[in-house]
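S.K.: structure for this input, please:
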Amino acid sequence: MLGVASGKLSSWISRQILHYSSVGGYLETVIQLVKPNWRDGYYRAEIVAVKKLHANTVEVQLKVPSYWPVHKAGQHLELTLEIDGRLVTRLFTIASSPSLAKSKRLVRLVVKSQPHGILTPKLEALALGSWVNVSKPSGDFTFQFNLQPEQRALFLAAGSGITPFIAMLNAMLNNMLDDQSRSNKHERDANVSALHLVYYAKPGEHLLLDELEVIAEQLDFFTFELLTRTKDGELSKKLPTLNADALYVCGPSPFYHAAAEFAKRENLPIYAEHFSLIPTTPDEQQTFTAQLNSELIELTNAEPVLTQLLAKGRQLTYGCKMGICHQCQCVKKSGVVKNLRTGEVSDRGEELIQLCVSQLMTDVELEA
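M.R.: Residues are numbered from 1 along each chain as shown. Below is the predicted model of the structure:
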């Protein structure tokens with residue numbers, strides 16, 4: 001109880017006197033003199049390996065601190081780099097098992113580089129021993145062990161959507177190796193359901209195939225097949241030929257929607273993590289939810305964020321209201337905004353924005 005009260009008092013002092021959400025945030029630049037890339041509320045991770053898996057795909061291995069909260073297989077994290085003086089954040093699924101983080105403090109990311117991306121093309125050039133920032137793991141796309149022994153779960157992956165399934169399969173393999181001392185091929189565990197992976201990718205671009213082969217050799221209940229749209233057709237044509245009691249899907253939105261329609265038609269449970277594009281600027285007025293610190297406020301896309309917040313009586317620091325003085329700058333933790341001066345559309349991750357020239361395009365979380 002005393003700890004909670006002390007935490008609230010510290011937060012109040014930070015906001016009222018220092019104008020920061022925490023003392024750590026206020027001292028961030030000073031701490032960075034000793035610990036480069038240290039950021040309040042995040043975890044410093046060291047780059048220990050960078051490997052090119054394909055022409056447009058890179059594997060990055062991070063060493064996280066001992067106090068980093070270990071993930072569940074299938075979860076993701078936020079990776080933040082400083083690029084041209086700007087903090088850029090992206091979400092990436094963790095492509096390694098929780099046991100690797102527990103035993104060796106290692107976390108693996110497998111990332112497809114986007115041709116016009118800001119962050120992903122930089123990953124290949126990360127120097128060994130350099131530091132980046134990561135968030136705690138999050139996400140609900142984890143394997144649900146609630147099937148009967150004779151039932152079958154179907155994993156559906158497209159492109160880099162293989163990463164959560166690799167993490168899940170490695171976690172299953174590690175659990176079995178912990179439970180069994182046999183060195184030969186494991187027999188089916190009575191408590192484990194059958195798993196089949198259908199993996200779509202462009203010809204020659206299926207990832208982590210050697211790893212899949214090893215896992216299939218060790219896990220008797222797991223099988224997989226590699227497909228391409230040009231040779232095997234769309235997922236919607238493939239699904240009726242497969243036997244499944246539950247679907248797990250990771251891929252772009254059209255891939256997910258094909259699986260979702262099939263699941264609805266067959267009355268099957270579906271668990272999904274699908275990629276979505278940043279929306280275009282809406283033509284009509286829309287209402288969004290802005291979380292300012294811990295308060296939820298309804299705002300529209302009709303006026304700049306600062307104008308609306310001031311009209312609602314919120315006390316904020318500001319100056320010119322024209323995007324010049326930067327006094328209304330704050331941290332956007334999540335969501336998408338458009339800079340009305342430059343026309344630039346933000347990413348979904350964390351970055352500094354100016355409230356006076358920001359137009360909402362999605363729900364947002366702000367820290368001011």
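S.K.: would you map the strands across the stretch 1-150 of the chain?
M.R.: Under the criterion DSSP state E, counting those that start in this stretch, strands of the stretch 1-150 of the chain are mapped to 43-54, 57-63, 76-83, 86-93, 106-112, 131-134.
S.K.: nearest to residue 362, out of those strands?
M.R.: Residue 362 lies closest, by C-beta to C-beta, to one member of the strands of the stretch 1-150 of the chain: strand 86-93, at 14.3 Å. Placement of C-beta: from N, CA and C, glycine included.
S.K.: which neighbouring elements make contact with the closest one?
M.R.: With contacts taken as 3 or more C-beta pairs under 8 Å, 6 or more residues apart in numbering; DSSP states H and E, strand 86-93 sits against strand 76-83, strand 106-112, helix 163-179, strand 351-354.
S.K.: the same query, at a cut-off of 7 Å, please.
M.R.: Applying 3 or more C-beta pairs under 7 Å, 6 or more residues apart in numbering; DSSP states H and E, we find strand 86-93 packed against strand 76-83, strand 351-354.
S.K.: low pLDDT regions in the stretch 201-350 of the chain?
M.R.: Counting by pLDDT under 70, the ranges of the stretch 201-350 of the chain that qualify are 274-284.
S.K.: show me where it has helices.
M.R.: 209-218, 229-232, 235-238, 253-266, 305-311 (DSSP state H, counting those that start in this stretch).
S.K.: surely residue 354 and residue 330 touch.
M.R.: No. Applying C-beta atoms under 7 Å, one finds residue 354 not in contact with residue 330, separated by 8.2 Å.
S.K.: name the nearest residue to the residue most central in space within the chain, ignoring sequence neighbours.
M.R.: Closest to where the C-alpha atoms of the chain average out (C-alpha atoms, centre = their mean) is residue 91, at 3.1 Å. Distances taken as C-beta to C-beta, 6 or more residues apart in numbering place residue 76 nearest to residue 91, at 5.2 Å, with adjacent residues excluded.
S.K.: relative to residue 94, how far out is that neighbour?
M.R.: 6 Å (C-beta to C-beta, to the nearest Å).
S.K.: mutual contacts of those two, please.
M.R.: Here residue 76 and residue 94 have residue 137 as joint contacts, going by C-beta atoms under 7 Å, 6 or more residues apart in numbering.
S.K.: between the two, which one's more packed in?
M.R.: Each of residue 76 and residue 94 has its neighbours counted (other C-beta atoms under 10 Å); residue 94 has more, 28 against 22.
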